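Colleague: Predicted model and sequence below, questions to follow.
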Amino acid sequence: MQKKTYAGQPVITLNNGVDIPALGFGVWQMEDQQECENAVIKAIETGYRMIDTASIYQNETAVGNAVKNSGINREELFITSKLWVQDTSYEKAKGAFQRTVDRLQLDYLDMYLIHWPYADFTGAWRAMEELYQEGKIKAIGVCNFPEDKMEELKAAATILPVINQIELHPIFQQKELQRYNRENNIITQPWSPLETATPDCWRMPN
Ligand SMILES: NC(=O)c1ccc[n+]([C@@H]2O[C@H](COP(=O)([O-])OP(=O)(O)OC[C@H]3O[C@@H](n4cnc5c(N)ncnc54)[C@H](OP(=O)(O)O)[C@@H]3O)[C@@H](O)[C@H]2O)c1
């Protein structure tokens with residue numbers, strides 16, 4: 001597999017051999033489409049190469065516009081999106097994926113994640129495995145999966161998730177789950193790594 005450099009940034013190699021930039025730019029809560037497009041273009045200019053969106057963020061079209069207008073080759077970017085709960089089943093996942101790549105104006109996705117371990121996530125995983133085998137997704141993974149849900153997924157899966165994207169920051173470290181991921185060769189990818197600036201969202205250390 002040809003290695004990518006992602007503008008010389010540090011990369012992390014996933015369990016399927018794909019390299020992912022160590023740092024990414026997330027677009028959760030960017031509801032204003034123009035603001036989102038401008039922010040992603042600025043992030044790419046600044047040097048970010050991984051962009052993290054989700055169908056529920058309702059800004060995939062803006063991210064797609066930014067990718068198209070960034071002046072950077074699509075192959076030099078790593079684009080992640082996520083399958084929302086209402087589409088988490090074998091029957092619905094492929095349609096949801098197609099709508100996501102259509103909005104992003106891409107013909108493949110670098111990473112596709114199950115957003116939450118609800119509904120028929122083993123069925124959705126089977127659909128994602130098929131999309132992966134067809135080359136439409138370079139890496140498949142999950143978000144917010146505790147150990148028991150991960151075990152349930154593993155029992156049904158033929159392909160291991162590459163990533164478990166979880167809430168992780170100094171005051172919520174989820175050390176047991178991090179250890180579980182590490183032992184299973186799954187990268188722990190933090191979301192809200194700076195925590196939220198809203199004090200009433202703070203929680204006690206685990
Ligand atoms: N998979 C999931 O379930 C899930 C869930 C949440 C997030 N995510 C992903 O993770 C990404 C990052 O999460 P996040 O945005 O919550 O967390 P974050 O990057 O850790 O930012 C959290 C807080 O830091 C503040 N902040 C960020 N950059 C700052 C800066 N340069 N100067 C001052 N304050 C700054 C923000 O303040 P303000 O509030 O004032 O902006 C925000 O409250 C999301 O965009 C999304 O892509 C995934």
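Modeller: Arrived safely, thanks for sending.
Colleague: Okay, and the spatially most central residue of the chain sits in which element?
Modeller: Closest to where the C-alpha atoms of the chain average out (C-alpha atoms, centre = their mean) is Thr80, at 4.2 Å. Thr80 belongs to strand 78-83 when assigned by DSSP states H and E.
Colleague: circling back: what sits opposite the residue nearest to the centre of the chain in the beta ladder?
Modeller: Beta-bridge pairing for Thr80 (DSSP bridges): Asp52, Met111.
Colleague: Now do the contacts for it.
Modeller: Thr80 makes contacts with 24, 50-53, 109-113, as judged by C-beta atoms under 8 Å, 6 or more residues apart in numbering. C-betas here are computed from N, CA, C, even on glycine.
Colleague: which of those lies closest to the ligand?
Modeller: Asp52 (3.8 Å; C-beta to the nearest ligand atom).
Colleague: Can you give me every residue that contacts the closest one?
Modeller: Contacts for Asp52 (C-beta under 8 Å, 6+ apart) come out as 24-28, 80.
Colleague: backbone phi and psi for the closest residue to the ligand within the chain, please?
Modeller: Per C-beta to the nearest ligand atom, Gly26 is where the chain lies closest to the ligand, at 2.2 Å. Dihedral angles of Gly26 (phi, psi; degrees, to the nearest 10) stand at phi -100, psi 150.
Colleague: just checking, it touches Trp191?
Modeller: Yes. Taking contacts as C-beta atoms under 8 Å, Gly26 lies within contact range of Trp191: 7.0 Å.
Colleague: tell me which element Leu153 falls in.
Modeller: With elements taken from DSSP H and E, the one containing Leu153 is helix 147-156.
Colleague: Show me what the helix or strand following that helix is packed up against.
Modeller: Next in sequence after helix 147-156, counting helices and strands by DSSP H and E, comes strand 163-167. If contacts are counted by 3 or more C-beta pairs under 8 Å, 6 or more residues apart in numbering; DSSP states H and E, strand 163-167 sits against strand 109-114, strand 137-143, helix 175-183, strand 187-191.
Colleague: helices and strands around the last one, which ones?
Modeller: In other words, strand 187-191. If you count contacts as 3+ C-beta pairs under 8 Å, 6+ apart, strand 187-191 packs onto strand 163-167, helix 175-183.
Colleague: now with 7 Å?
Modeller: Where contact means 3 or more C-beta pairs under 7 Å, 6 or more residues apart in numbering; DSSP states H and E, strand 187-191 is packed against strand 163-167.
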